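1. this is the structure alone, sequence omitted:
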């Protein structure tokens with residue numbers, strides 16, 4: 001799947017499923033985006049995966065077993081990513097949790113919205129009936145976007161996130177899909 005979307009800025013955004021050979025680029029991207037914000041569950045260290053592990057995860061998604069990974073590029077540069085991970089348990093398989101990130105320089109261009117629309121279409125087509133997410137209480141722009149999509153706060157976890165010695169509350173949000 002590869003889709004090209006014209007953003008309000010006139011730029012062409014390409015949304016696609018990554019290939020296993022994209023694993024190193026994705027891991028490098030995650031280190032950059034993690035270093036730009038305190039709103040992700042990781043910092044500039046990125047995720048604790050090797051290139052081989054990330055490539056395996058991508059292959060798992062390609063086979064339909066592991067959920068969804070999307071990458072967004074502008075002029076060949078990886079600027080955003082989204083993952084949607086269904087539960088492996090049969091009784092919970094209809095539920096999935098997602099995470100999204102966009103490089104700071106590309107905020108407010110509609111990239112997050114475009115990725116979420118693709119995610120919703122994929123979820124409906126693949127039997128997902130509930131999407132959940134976790135968000136830092138201070139990430140008001142993201143929370144506003146999630147509300148616009150129909151997500152509601154379903155719970156809160158105190159002291160769930162620790163950044164620079166300070167504890168933050170994590171909001172649990174969810175949205176049923178019919």
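-> Now that the structure is in, tell me what you want to look at. In this text, all values refer to a predicted model and were calculated from it rather than measured experimentally.

2. in this structure, which spans are strands?
-> 2-6, 12-16, 68-74, 77-86, 95-102, 130-136, 152-163, 166-176 (DSSP state E).

3. any chance of JSON lines for these, columns mean neighbour count, mean pLDDT and distance to residue 49?
-> Where you see a C-beta, it was placed from the backbone N, CA and C, and this is true even at glycine. Formatted as JSON lines, the strands of the chain follow (neighbours: other C-beta atoms under 10 Å; pLDDT from 0 to 100; distance: least, C-beta to C-beta, whole Å):
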{"stretch": "strand 2-6", "mean neighbour count": "12", "mean pLDDT": "92", "distance to residue 49": "24"}
{"stretch": "strand 12-16", "mean neighbour count": "17", "mean pLDDT": "96", "distance to residue 49": "20"}
{"stretch": "strand 68-74", "mean neighbour count": "21", "mean pLDDT": "96", "distance to residue 49": "12"}
{"stretch": "strand 77-86", "mean neighbour count": "20", "mean pLDDT": "96", "distance to residue 49": "12"}
{"stretch": "strand 95-102", "mean neighbour count": "20", "mean pLDDT": "96", "distance to residue 49": "14"}
{"stretch": "strand 130-136", "mean neighbour count": "19", "mean pLDDT": "96", "distance to residue 49": "19"}
{"stretch": "strand 152-163", "mean neighbour count": "12", "mean pLDDT": "95", "distance to residue 49": "20"}
{"stretch": "strand 166-176", "mean neighbour count": "15", "mean pLDDT": "95", "distance to residue 49": "22"}
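
4. just put those in CSV and tack on distance to residue 112.
-> Shown next, in CSV, are the strands of the chain (distance: least, C-beta to C-beta, whole Å):
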stretch, distance to residue 112
strand 2-6, 12
strand 12-16, 11
strand 68-74, 9
strand 77-86, 7
strand 95-102, 5
strand 130-136, 12
strand 152-163, 18
strand 166-176, 14
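
5. centroid-nearest residue for the chain?
-> Centroid check for the chain by C-alpha atoms, centre = their mean gives residue 100 as the closest residue, at 2.2 Å.

6. surely that residue is in contact with residue 79?
-> No - here residue 100 does not reach residue 79: they are 11.9 Å apart, not a contact under C-beta atoms under 8 Å.

7. distance of the closest residue in space to the residue nearest to the centre of the chain that isn't next to it in sequence relative to residue 139?
-> Spatially, and ignoring its direct neighbours in sequence, residue 100 is nearest to residue 82 (4.5 Å; C-beta to C-beta, 6 or more residues apart in numbering). According to C-beta to C-beta, to the nearest Å, residue 82 and residue 139 sit 16 Å apart.
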